[in-house]
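>>> Any chance you could fold what I've pasted below:
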Amino acid sequence: VVTFLVGVLIVILTICAKSLAVKAEAIKKRKHS
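Residues are numbered from 1 along each chain as shown. The predicted structure is shown next:
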């Protein structure tokens, strides 16, 4: 059960990191344009 919870946490963190990276890139593009 613990390993399953850890796996879920890792997936959530990776998704959050990807979304944050996309938002950061969008903000950079807006500043450049």
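
>>> List the buried residues of the helix or strand containing residue 23.
Secondary structure from DSSP states H and E places residue 23 in helix 2-32. Of the residues in helix 2-32, none has enough neighbours to count as buried (16 or more other CB atoms under 10 Å). Just so you know, the C-beta spots here come from the backbone N, C-alpha and C atoms, and that holds for glycine as well.

>>> Please compute how far it lies from its chain's middle.
Counting by CA atoms, centre = their mean, to the nearest Å, helix 2-32 is centred 0 Å from the centre of its parent chain.

>>> Show me what it is packed against.
Helices and strands touching helix 2-32, by 3 or more CB pairs under 8 Å, 6 or more residues apart in numbering; DSSP states H and E: there are none.

>>> And the residue nearest in space to the middle of the chain, how close does it get to residue 7?
The residue lying closest to the centre of the chain (CA atoms, centre = their mean) is residue 17, at 1.9 Å. Residue 17 is 16 Å from residue 7, where distance means CB to CB, to the nearest Å.

>>> ok, now residue 14?
For residue 14, the distance to residue 7 equals 11 Å [CB to CB].

>>> before we move on, what about residue 25?
Going from residue 25 to residue 7 by CB to CB gives 27 Å.

>>> thinking again about what came up before, the helix holding residue 23 - what's its average pLDDT?
Helix 2-32 shows a mean pLDDT of 95.

>>> give me the number of residues near residue 33?
When neighbours are counted by other CB atoms under 10 Å, residue 33 registers 5.

>>> Quick check: it vs residue 25, distance?
From residue 33 to residue 25 the distance is 12 Å (CB to CB).

>>> One more: residue 9?
Distance from residue 9 to residue 25, by CB to CB: 25 Å.

>>> again, but for residue 13
Counting by CB to CB, the gap from residue 13 to residue 25 is 19 Å.

>>> and if you look at residue 14?
Separation of residue 14 from residue 25 (CB to CB) stands at 17 Å.
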